[in-house]
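**Student:** show me the folded form of this:
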Amino acid sequence: MPAPPEFLKFIDDNAEAFIKRLAEAVAIPSVSGDAQRRDDVFRMAHWLENQLKSYGVETQLSDLGKHVMDGQELPLPPAILGKIGNDPAKKTVLIYGHFDVQPANFSDGWSTEPFELTVSPNGQLFGRGSTDDKGPILGWLNVLQWHSENKKELPVNIKFCFEGMEESGSEGLDELVEKEAKKGGWFEDVDCVCISDNYWLNTRTPVLTYGLRGISYFKINVTGPGWDLHSGVFGRTIHEPMTDLVLLMSKLVDVKGNILIPGVDEMVASALDEERAVYERLDYAIEDIETAAGGKIALSSNKIDVLMGRMRSPSLSLHGIEGAFYGAGAKTVIPAKVAGKFSIRLVPPQTPDNIRPLVTAYLESEFAKLGSKSTMTIEEVHGGRPWLADMNHWNFEAAKEATRQIYKVEPDMTREGGSIPVTLTFAEAIGANVVLLPMGRGDDGAHSTNEKLDRSNFIEGSKLLGTYLYELGAIAGKK
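**Tutor:** Below you'll find the model as predicted:
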């Protein structure tokens with residue numbers, strides 16, 4: 001059932017007000033991975049809770065306890081649980097999103113201040129969190145606003161689960177979901193789940209996503225001298241931690257993306273011809289990934305190989321080195337302690353549990369070969385399992401029809417290269433189908449400098465989310 005024309009007109013007529021509200025959200029630097037920003041993550045939680053309550057949503061802030069980050073004990077941001085509607089004749093959908101963001105500084109290479117929403121002449125909305133994931137969350141608020149202000153019943157019952165630690169492993173959320181999925185819990189009557197926290201493959205064609213890669217994030221700690229040393233005095237006289245670390249990190253992945261840790265790539269079976277044909281049909285070209293990446297640097301000229309590299313194959317990426325000198329000028333220091341960070345994106349049948357021993361054994365073996373007197377330890381920072389869903393479920397059919405209504409095209413069906421750790425937890429704990437219904441485009445630059453959300457995607461995406469609810473309410477099927 002299409003959404004009411006009055007709803008679609010309301011979204012168009014209030015576009016400027018919606019963008020202003022997005023600017024308010026972006027202005028709160030809710031960086032979950034920075035201890036100095038933890039108060040801002042709490043501030044963002046309260047801002048969002050107040051918005052939900054203003055549109056009639058019953059809310060609860062759920063305490064997730066504490067955790068240790070970089071040696072400091074910190075309170076975890078609360079998860080926001082919400083609900084509106086309790087008609088037993090209607091379906092109940094659970095909406096998930098996250099209000100925390102990745103770190104961002106102007107000095108990283110941003111063209112604008114990352115926590116000030118900047119509207120470009122062509123309608124692009126630049127700011128950290130604009131597309132990941134504050135824009136999509138505010139899309140749901142836009143839907144709620146019309147129904148609240150016009151005293152219209154929603155076509156379905158809605159439960160909400162918004163968290164503030166997604167960018168840091170969703171600590172504490174799995175336990176909350178498992179608890180609330182039990183009889184008498186917040187999620188016990190949920191029929192399906194919708195998440196808007198991913199992106200189109202390109203800038204043209206909307207998608208629905210039925211699979212996500214998992215993740216195992218590691219940190220290699222190498223220590224040597226008792227303090228930083230002068231390279232002129234100690235160079236070539238001691239074992240240097242930085243040298244050891246760089247050599248270790250060079251043995252993790254090759255220039256073609258092949259993972260060098262024995263047993264990791266080998267876990268995944270090769271794609272059959274029928275599966276390769278699925279990737280061939282997707283509206284995607286090598287130019288799309290190179291445009292999104294800002295350079296002609298694709299690993300292959302074969303579209304299928306590139307898509308499978310993103311969606312169905314594991315990948316290993318090197319992210320950075322703590323303790324190394326990186327400022328302007330020339331500092332001739334030998335660091336006493338360094339830590340290299342890398343992650344492996346996982347696909348079935350890989351899990352953090354079966355990847356961890358392979359990584360540990362390989363690094364310990366390679367470190368022993370160096371013959372260094374430095375000390376090396378391996379730390380698993382966080383992890384999440386991969387997820388696959390039934391793309392022919394009625395939840396997906398409702399999302400497909402909503403996409404046809406708003407964008408007048410058939411959506412591409414994709415697996416995504418990123419990770420949303422709680423997706424599998426929702427599917428297993430609640431026993432419900434999960435659909436990923438993205439708002440943003442493939443060139444939005446989530447996690448990168450100059451992250452943006454196109455105005456058209458924000459406005460049409462808000463219509464899409466609302467239309468999905470109406471299609472969901474009309475389609476046959478319950479959990």
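
**Student:** list the buried ones in stretch 457-475?
**Tutor:** By neighbour count, and taking 16 or more other Cβ atoms under 10 Å as the criterion, the buried residues in stretch 457-475 are 457-473. The way it works is simple: take the backbone N, C-alpha and C, and place the C-beta from them, glycine included.

**Student:** helices - which of those land there?
**Tutor:** When the buried residues of stretch 457-475 are checked against helices (DSSP state H), the matches are 457-473.

**Student:** doesn't residue 419 lie inside a helix?
**Tutor:** No: judged by DSSP: H, G, I helix; E, B strand; the rest coil, residue 419 forms no part of a helix; its state is coil.

**Student:** against residue 343, how distant is it?
**Tutor:** As judged by Cβ to Cβ, to the nearest Å, residue 419 and residue 343 stand 9 Å apart.

**Student:** neighbour-wise, which of the two wins?
**Tutor:** Neighbours around residue 419 and residue 343, counted as other Cβ atoms under 10 Å, are more numerous at residue 419. The numbers are 26 against 19.

**Student:** residues in contact with the more buried one?
**Tutor:** Applying Cβ atoms under 8 Å, 6 or more residues apart in numbering to residue 419 gives the contacts 212-215, 345, 384, 386.

**Student:** check which helix or strand residue 20 maps to.
**Tutor:** Per DSSP states H and E: residue 20 is located in helix 15-26.

**Student:** elements contacting the helix or strand just after that helix?
**Tutor:** Where DSSP H and E defines the elements, the next helix or strand beyond helix 15-26 is helix 38-54. Helix 38-54 sits against helix 15-26, strand 58-62, strand 72-75, strand 79-84, helix 134-149, strand 157-163, with contacts defined as 3 or more Cβ pairs under 8 Å, 6 or more residues apart in numbering; DSSP states H and E.

**Student:** any idea how far stretch 84-103 is from the chain center?
**Tutor:** Offset of stretch 84-103 from its chain centre (Cα atoms, centre = their mean, to the nearest Å): 17 Å.

**Student:** okay, buried residues for it please.
**Tutor:** In stretch 84-103, counting by 16+ other Cβ under 10 Å, buried: 84-85, 90-102.

**Student:** just stretch 294-306 next, same as before
**Tutor:** Going by 16+ other Cβ under 10 Å, stretch 294-306 has these buried residues: 298, 303-306.

**Student:** now that stretch: average pLDDT?
**Tutor:** For stretch 294-306, the mean per-residue pLDDT is 96.

**Student:** residue 317 should be in a strand, yeah?
**Tutor:** Yes: assessed with three-state DSSP, residue 317 lies in a strand.

**Student:** got a list of what it touches?
**Tutor:** Residues counted as contacts of residue 317 (Cβ under 8 Å, 6+ apart) are 253, 342-343, 345.

**Student:** which of those fall in strands?
**Tutor:** Among the contacts of residue 317, the members found in strands (DSSP state E) are 342-343, 345.

**Student:** and of those, the nearest to residue 190?
**Tutor:** Nearest to residue 190 among those, counting by Cβ to Cβ, is residue 345 at 28.0 Å.

**Student:** for beta bridges, what are the partners of the closest one?
**Tutor:** For residue 345, the beta-bridge partners are residue 215, residue 315 (DSSP bridges).

**Student:** pLDDT wise, what is it at?
**Tutor:** If you check residue 345, the pLDDT there is 96.

**Student:** surely it meets residue 217?
**Tutor:** No: Residue 345 is beyond contact range of residue 217, at 10.0 Å (criterion: Cβ atoms under 8 Å).

**Student:** contacts only, for the residue lying closest to residue 299 once chain neighbours are set aside.
**Tutor:** Sequence neighbours aside, residue 257 is the residue nearest to residue 299 in space, at 5.5 Å (criterion: Cβ to Cβ, 6 or more residues apart in numbering). Taking Cβ under 8 Å, 6+ apart, we find residue 257 in contact with 299, 309, 315-316.
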